[in-house]
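1. give me a model of this one.
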Amino acid sequence: MAFLNKALFEISNFQNSLFVVFIQLLFIILSFQILGYIHVMHIPVMTKNDFYTFLVPSIFYSLSTILSLQALMKLNVAIYVVIKRCTPALTFLLQSIILKKKKLDLKTGLCVLAMTSGAVITSIGDLTFHLESYIIGSLSVIFQSIYLLTVQRCSEQKTSSEVLYINSLVSLPIVSIILLIFSDELSNVQSYNGYKTFSFWLYFLSSTFGGGLLNGATFWCIMKNSALTTSVIGVLKSILQVFFGLFVFDRLSINTNTIIGIVLSLLAGTMFSYFEYTSKHKKSLTSTNHIDYEQQNHQSTNLSFDTQEIATNSENPSVYVADETRLRQTSIH
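-> Have a look, this model is predicted:
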């Protein structure tokens, strides 16, 4: 998605990120309506309680998406990806505060520090340093981390499709207000002179369709895994993004700082993903073994109880006599 959006901004010179976000949200909502109309899937129903529940996550989602595209317009793709790779680190730290589920250990703490240091070193080596874009990119990381955590906390009783649809419904008016009041993008969209070019429609439709798929995949991953797992999955993908981002569009000046920073960030991100995977795998095995132990213990307890009952009855033969007499009386009546 970073390359598609960057191509739309750079090659087609369509510098209207708010309008792009608006169209992506509208595409998601219309897709649900069309699929529901032809009975392919059920259209989720948003209640008043759902609106208030998803209002905060949707605000952070809107801010994160808008700021991410704003940063991408000015930054090289490789630099942009390195900054966005700080999301798992911040998600991990905030998860202990918001969800109160994680404790920072030494290994993951070092990975968090290394990822952040890699991003800082890379920015030092960026000769085309654009402070405003770095600040905007950093804010998008903060908002994305909070959004991932809040939507996970608010969507425990919802399916991924319900979360995607409700989030899009709530986010659309938020983006619309920002688009109409705080920007002049509508006039820029009207005066844009590239609508007759094939490249514009290729990148614009690809960005719209890809944005919808990315949102759907993100919510599905959050529902099936966790906010932290969702954010670290992108680390391995970022290796290819960084590599191609060095050479496409506005080429990044390659020097010692950029190489060290990018390599450090990617290695730390990969190790972070590995530690999280092994930790989750161990917890799963421990939970499975505990359940098996409880079942075996329950079975052995029942077996012991049955053995004691048989032994007690064998020591009291009058029990069998009484039972036999009671059975005969019942059959006579």
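2. just give the closest residue to Ser140, not the sequence neighbours.
-> Excluding its sequence neighbours, the residue lying closest to Ser140 (CB to CB, 6 or more residues apart in numbering) is Leu67, at 3.7 Å. Glycine gets a C-beta too; all of them are placed from N, C-alpha and C.
3. settle this for me: that neighbour is touching Tyr134, isn't it.
-> No. Under the criterion of CB atoms under 8 Å, Leu67 makes no contact with Tyr134, lying 11.6 Å away.
4. so which residues make contact with stretch 199-206?
-> Stretch 199-206 is contacted by residues 4, 7-8, 11-12, 14, 20, 194-195 when judged by CB atoms under 8 Å, 6 or more residues apart in numbering.
5. can you do 10 Å?
-> 1, 3-14, 19-20, 23, 27, 192-195, 197 (CB atoms under 10 Å, 6 or more residues apart in numbering).
6. quick one, which of those residues are buried?
-> If you count burial by 16 or more other CB atoms under 10 Å, the buried members of the contacts of stretch 199-206 come out as 1, 3-10, 12, 14, 19-20, 23, 27.
7. mind pulling up the pLDDT for Val170?
-> Per-residue confidence at Val170 stands at 94 (pLDDT).
8. going forward, begin numbering at 678 instead of 1
-> All set: I'll call the first residue 678, so the last point we hit is now Val847.
9. wouldn't it be in contact with Ile705 here?
-> No. Taking contacts as CB atoms under 10 Å, Val847 lies outside contact range of Ile705: 11.9 Å.
10. poorly predicted segments of the protein, please.
-> By pLDDT under 70, the low-scoring segments of the chain are 773-781, 800, 802-806, 895-931, 954, 957-958, 960-961, 963-1010.
11. just the helices in it please.
-> Secondary structure of the chain (DSSP state H): helices at 679-687, 694-714, 725-751, 754-761, 764-775, 783-802, 808-831, 837-858, 862-868, 875-901, 904-922, 933-992, 994-1009.
12. what's the angle from the fourth one to helix 808-831?
-> In terms of direction (axes from the mean of the first three to the mean of the last three CA atoms, to 10 degrees), helix 754-761 departs from helix 808-831 by 50 degrees.
13. tell me what helix 754-761 is packed against?
-> Using 3 or more CB pairs under 10 Å, 6 or more residues apart in numbering; DSSP states H and E as the contact test, the elements touching helix 754-761 are helix 679-687, helix 725-751, helix 783-802, helix 808-831, helix 904-922, helix 933-992.
14. and the fifth one, by the same measure?
-> Packing partners of helix 764-775 (3+ CB pairs under 10 Å, 6+ apart): helix 783-802, helix 808-831, helix 904-922, helix 933-992.
15. buried ones in that helix?
-> Quick answer for helix 764-775 (16+ other CB under 10 Å): 764-772, 775.
16. tell me the one among these nearest to Ser860.
-> Proximity of these to Ser860 (CB to CB) peaks at Thr764, which lies at 25.1 Å.
17. any idea how far the closest one lies from Ile700?
-> 24 Å (CB to CB, to the nearest Å).
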